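J.: With the input below, show me the fold.
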Amino acid sequence: MKKIYYKLCLLLFGIGLFCACEEEMTLKPDAGMLEGIVFDGYITNLAPPYFFRLTHPSCLQENKLSGKYIHYENIVGAEVIITDVTTGIKDTLVQPACRPHRDDVFMYISYYDYYRKRTITETRYSGNGEGLYITTRLYGIEGHTYTLDIKYKDKHYSAREMMVPGTSITDLKALEVDLGVKGKTLAPCISFVNRPEEDNYYMLTYTGSSIRGPHYSSLDDITQGAPGAHFSILSDKYLDEEVKDFLVGEGDAGASYDPPGSDYYALDSLFVHMMSISKDCYDIYDQMIRQLRTDGGAYTPRPTNIKSNISGGVVWGCFRVSAVTEKGIAVERQ
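T.: Okay, the predicted model is just below:
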């Protein structure tokens, strides 16, 4: 059974390349590399609020260790509106209050959590506070359609996505798999039932904790990278209707990354999260992964051929709305 299943590197669209090493220098940018904006964030059916980040490429730099990379700056003062078309609710996002910690290493971020009805103050690394935008009244609901509108520097960017209903994980096991020269290890394997007569697309991750806990926030994903850093995308085109013991993490990891299975790690508890995504989002991630495999992750040239689902100009990233299902188990080790 052929599985179209790819590793989703968390360096999507170069967002993770913020930190420079020593002896860096600014280079003359190639044509088109410093255009557009970067959009990061998503809506789920988990408890709000939902966080988003806007940045833009500012210059091309180089250092002796990592070679060329693009430096990004936060976008402050954009107008960001997300509308639940199904209910007519319009949400104009606000920027959380940010102030530096006294040692200038961390930054305080304060915002109102309208789900828990209280003000939250969190600490994040300096530089991760500005450029953030947060919902004030929106809820992610399966089957609802959402539009995104961004107005920045006389440009109007827009997108429209429906939250595809989630697919339940019917079983989760930690099974021993043989990784060849790397030996044997316990790995997460899930079972689920595809919705018949539909083309389904998924994003999968596994972690050691539940994302339904009281302390989880999508702010963690935006400022620190997704929990566990183990994302993959999956199309069910060649899968059976009833999928049994599907190995999470199996697939082509790309030319510059570790092979499948190399990222499994020991966990006392195991949670797998299955997120619905649209075909448009799947195609965007698929194109990104293909680009990473082609240039070894160097982004030279920048992948200008990757089309976002956000129109109105050059945009890196996509507007994603996902229904999340989760299953967890305790891992028994001998």
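J.: give the contact list for Ala97.
T.: Shown in contact with Ala97 (Cβ atoms under 8 Å, 6 or more residues apart in numbering): 108-111. The way it works is simple: take the backbone N, C-alpha and C, and place the C-beta from them, glycine included.
J.: Are any of those buried, and if so which?
T.: 109, 111 (16 or more other Cβ atoms under 10 Å).
J.: how about low-confidence regions in the stretch 1-150 of the chain?
T.: Along the stretch 1-150 of the chain, segments meeting pLDDT under 70 span 1-34, 60-70, 127-128.
J.: how does it look with 80?
T.: Residue ranges of the stretch 1-150 of the chain with pLDDT under 80: 1-35, 58-72, 101-105, 125-129.
J.: Quick one: the strands in it, in order.
T.: Taking DSSP state E, counting those that start in this stretch, the strands of the stretch 1-150 of the chain run over residues 4-8, 25-27, 37-44, 51-63, 67-74, 79-84, 89-92, 97-100, 106-113, 118-125, 132-134, 145-152.
J.: Ok, which of these comes nearest Phe271?
T.: strand 37-44 (15.0 Å; Cβ to Cβ).
J.: got the angle for the closest one vs strand 145-152?
T.: 150 degrees (axes from the mean of the first three to the mean of the last three Cα atoms, to 10 degrees).
J.: can you list contacts of strand 37-44?
T.: 13-15, 50-57, 72, 75, 82, 133, 138, 140, 146, 150, 152, 157, 163, 218, 221-222, 275, 308, 310, 313-324.
J.: Make a ChimeraX selection of whichever of the residues you listed turn out to be buried.
T.: The buried residues among these can be selected in ChimeraX (16+ other Cβ under 10 Å) with this line:
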select :13,14,15,50,51,52,53,54,55,56,57,72,75,82,133,138,140,146,150,152,157,163,218,221,222,275,308,310,314,315,316,317,318,319,320,321,322,323,324
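J.: helix/strand/coil for Cys281?
T.: helix (DSSP: H, G, I helix; E, B strand; the rest coil).
J.: so where's the stretch 201-334 of the chain uncertain?
T.: Scanning the stretch 201-334 of the chain for pLDDT under 80 picks out the ranges 212-218, 220-231, 249-268, 288-306, 332-334.
J.: hey, where'd the strands end up in it?
T.: Using DSSP E, counting those that start in this stretch, strands in the stretch 201-334 of the chain cover 201-207, 231-235, 242-247, 269-276, 315-316, 320-322, 324-330.
J.: Done for today, thanks.
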